[in-house]
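Peer 1: This is a predicted model, with the sequence first.
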Amino acid sequence: MSLLRNLAFLKLLLPKSLKIFLRSLRDTVTSMFCRPLSHNVQKRLLIIRTDAIGDYLLFRPFIQTIRDTYQNYHITLLGNQTYKDLAYQLDSVNIDSFLWLSLAKFNHNLFYRIYFLRKLKKLHFSIALHPVFSRDYIAQTLISYINADEKIAPLGDIINTTKEAKIKADRFYTTLTQCAPEIMFEFYRNAEFFSQVLKPYAPPSPFIKLEALPKLKSIPPSPYSVLFIGASSAYRKWNIKHFNVVGLHLMQKHRHNIVICGGKEDVSNAVALESSLQAANTNSIHKPMIMNLVGKTSLTELGSLVYNGNLLISNETSCAHLGALLDTTIVIVVYNGNHLGRFIPYPKEISDKYYPVFHPFIEDNPHRYTELSNAYAYKSELNINEITPDRVIALIDSILQKRSNNG
């Protein structure tokens, strides 16, 4: 068993051909421990959504529609544990049970992988809905272990897999719905799928209701701005020095209090940012409040902070989606082109308070938007730090001035 324990580590050291062999061996060993069991007669529906927080936020409006269509079904959500807090708070009224998956453990811990798939294979569902357009290897593995009479997914693409792997995985579905070939904003991509699956279908509202969020014991005095410094990858994070310049401007010109937010991995950057802002604050007449809440808030508490704030400055990440879908705060997103056309920009009919600050290359080539949307649909190599603080500051001043003029 010690060999099995180290498979995930060994594959990092081996050439590609051996990595493929080890993956096949891992799948074979896993399948030996995961046999299907007999099922009961209760109608059960499974929703598979193991991607990121932003993906979940743009999918979750359809959960109510699923509940309305399958009123007599026991509904289970198989989800990514990173958004567990959000799902419990926002959607437990429509979800009967949850299965939470740790992607890191599933990828690197063979025993966790066997345990999870064995547990999954013991269950039986009448219907499995897998509304993910860009399915990856984990999604392909999961669907092969799910026992369901019907398995339904969009035809999708191969951006997160290979053509050969997708052809193999697609055989596990009973239905693959049609998809428009063009790049599409993710909320509308979800609508495309559910409009073909749910009958009757009525488009849901994308917004998060305030009453679904927790009430905070205390919030900063208004006006305040939230600086969200985190992101899932380093190349999507704007430099802390840039956030500092913007924070100082908000404090000194607009007299905003500042709330710094982010994940636990951003703690050291947050301390540096807080110290820099506090040093400048010492010589300030007004002395705005500076709160460092990095790593100290749940996702739903972050939502409450953003909802009650006046301004959110964020990298293109889950917090920006929260701000847009709460539809109260001005959201300014520093953006290097990642997922262009799919997750950003927000259509104005969904949010008219969402302002992306594009990388200069994109900004200077608006006439090539369709081409750029395809080139940067899933990953951009543009340097986010080539977006200068003065561009963000100019946008802030313009927005706040218009709001002041309009009363």
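Peer 2: That came through, no problem.
Peer 1: how close does the closest residue to S222 other than its chain neighbours get to R391?
Peer 2: Spatial nearest neighbour of S222, excluding adjacent residues (C-beta to C-beta, 6 or more residues apart in numbering): N310 at 6.5 Å. All C-beta spots, glycine's among them, are computed from the backbone N, C-alpha and C. According to C-beta to C-beta, to the nearest Å, N310 stands 20 Å off from R391.
Peer 1: Ok, F125 next?
Peer 2: The value you get for F125 to R391, if C-beta to C-beta is used, is 49 Å.
Peer 1: One more: L57?
Peer 2: Taking C-beta to C-beta, one finds L57 at 26 Å from R391.
Peer 1: When the two are compared, which one has more neighbours?
Peer 2: With neighbours defined as other C-beta atoms under 10 Å, L57 and R391 compare such that L57 has more, 24 against 14.
Peer 1: quick revisit: what's near enough to touch the residue nearest to S222?
Peer 2: If you count contacts by C-beta atoms under 8 Å, 6 or more residues apart in numbering, N310 has them with 222-225, 256, 329-330.
Peer 1: was I right about Q196 contacting L176?
Peer 2: No. Using C-beta atoms under 8 Å, Q196 is not in contact with L176, being 10.3 Å away.
Peer 1: export stretch 237-254 as PDB, just CAs?
Peer 2: Only the C-alpha atoms of stretch 237-254 are listed here, as PDB (Å, rounded to 0.1, in the frame of the first residue of the first chain):
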ATOM      1  CA  LYS A 237      -3.200  39.200  -8.700                       C
ATOM      2  CA  TRP A 238      -2.600  43.000  -9.000                       C
ATOM      3  CA  ASN A 239       0.500  44.200  -7.200                       C
ATOM      4  CA  ILE A 240       0.000  45.200  -3.600                       C
ATOM      5  CA  LYS A 241       1.800  48.500  -4.300                       C
ATOM      6  CA  HIS A 242      -0.900  49.300  -6.900                       C
ATOM      7  CA  PHE A 243      -3.700  48.600  -4.300                       C
ATOM      8  CA  ASN A 244      -1.800  50.800  -1.900                       C
ATOM      9  CA  VAL A 245      -1.900  53.800  -4.300                       C
ATOM     10  CA  VAL A 246      -5.600  53.300  -4.900                       C
ATOM     11  CA  GLY A 247      -6.300  52.900  -1.200                       C
ATOM     12  CA  LEU A 248      -4.500  56.100  -0.300                       C
ATOM     13  CA  HIS A 249      -6.400  58.000  -3.000                       C
ATOM     14  CA  LEU A 250      -9.700  56.700  -1.600                       C
ATOM     15  CA  MET A 251      -8.700  57.800   1.900                       C
ATOM     16  CA  GLN A 252      -7.300  61.200   1.100                       C
ATOM     17  CA  LYS A 253      -9.600  62.400  -1.700                       C
ATOM     18  CA  HIS A 254     -12.900  60.700  -1.000                       C
END
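Peer 1: what is the mean pLDDT for it?
Peer 2: Mean pLDDT, stretch 237-254: 97.
Peer 1: L322: what's it in contact with?
Peer 2: 57, 208, 299, 302-303, 306.
Peer 1: Could you work out the end-to-end span of stretch 99-106 for me?
Peer 2: End-to-end distance for stretch 99-106: 13 Å, by C-alpha to C-alpha, to the nearest Å.
Peer 1: Of the contacts of N310, select the buried ones using a PyMOL command.
Peer 2: The PyMOL selection below is limited to those of those classed as buried (16 or more other C-beta atoms under 10 Å):
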select buried, resi 224+225+256+329+330
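Peer 1: now the contacts of N310 in TSV, with distance to N336 and secondary structure?
Peer 2: Formatted as TSV, these follow (distance: C-beta to C-beta, whole Å; DSSP: H, G, I helix; E, B strand; the rest coil):
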residue	distance to N336	secondary structure
S222	31	coil
P223	28	coil
Y224	27	strand
S225	22	strand
H256	25	coil
T329	22	coil
I330	21	strand
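Peer 1: got TSV for the contacts of N310, with distance to I387 too?
Peer 2: TSV is the format used below for the contacts of N310 (distance: C-beta to C-beta, whole Å):
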residue	distance to I387
S222	28
P223	24
Y224	23
S225	18
H256	21
T329	21
I330	18
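Peer 1: Pick the one among the contacts of N310 closest to F243.
Peer 2: For the contacts of N310, the closest approach to F243 (C-beta to C-beta) belongs to S225, at 10.7 Å.
Peer 1: Tell me if I am right that T141 is in a strand.
Peer 2: No. The assignment for T141, made by DSSP: H, G, I helix; E, B strand; the rest coil, is helix rather than a strand.
Peer 1: if I look at it, how far off is T175?
Peer 2: Distance from T141 to T175, counting by C-beta to C-beta: 20 Å.
Peer 1: and the two? which has more neighbours close in?
Peer 2: T141 (17 against 13).
Peer 1: distance of that one from L129?
Peer 2: To L129, T141 is 18 Å away according to C-beta to C-beta.
Peer 1: do Y307 as well
Peer 2: Distance, Y307 to L129, using C-beta to C-beta: 30 Å.
Peer 1: quick one: which of the two has more around it?
Peer 2: Between Y307 and L129, counted using other C-beta under 10 Å, L129 has the larger neighbour count: 24 against 19.
Peer 1: Next up, the contacts around that one.
Peer 2: Taking C-beta under 8 Å, 6+ apart as the criterion, L129 is in contact with 45-48, 66, 152-153, 197.
Peer 1: Can you report how many residues neighbour K402?
Peer 2: By the measure other C-beta under 10 Å, the count of residues near K402 is 9.
Peer 1: And for Y88?
Peer 2: 13.
Peer 1: got it, and E164?
Peer 2: Neighbourhood size, E164 [other C-beta under 10 Å]: 9.
Peer 1: And for S275?
Peer 2: A count of neighbours around S275, defined by other C-beta under 10 Å, yields 12.
Peer 1: wait, is it part of a helix?
Peer 2: Yes. S275 forms part of a helix when assessed by three-state DSSP.
Peer 1: picking that back up, out of the contacts of L129, list just those in helices.
Peer 2: The helices, defined by DSSP state H, take in 66, 197 from those.
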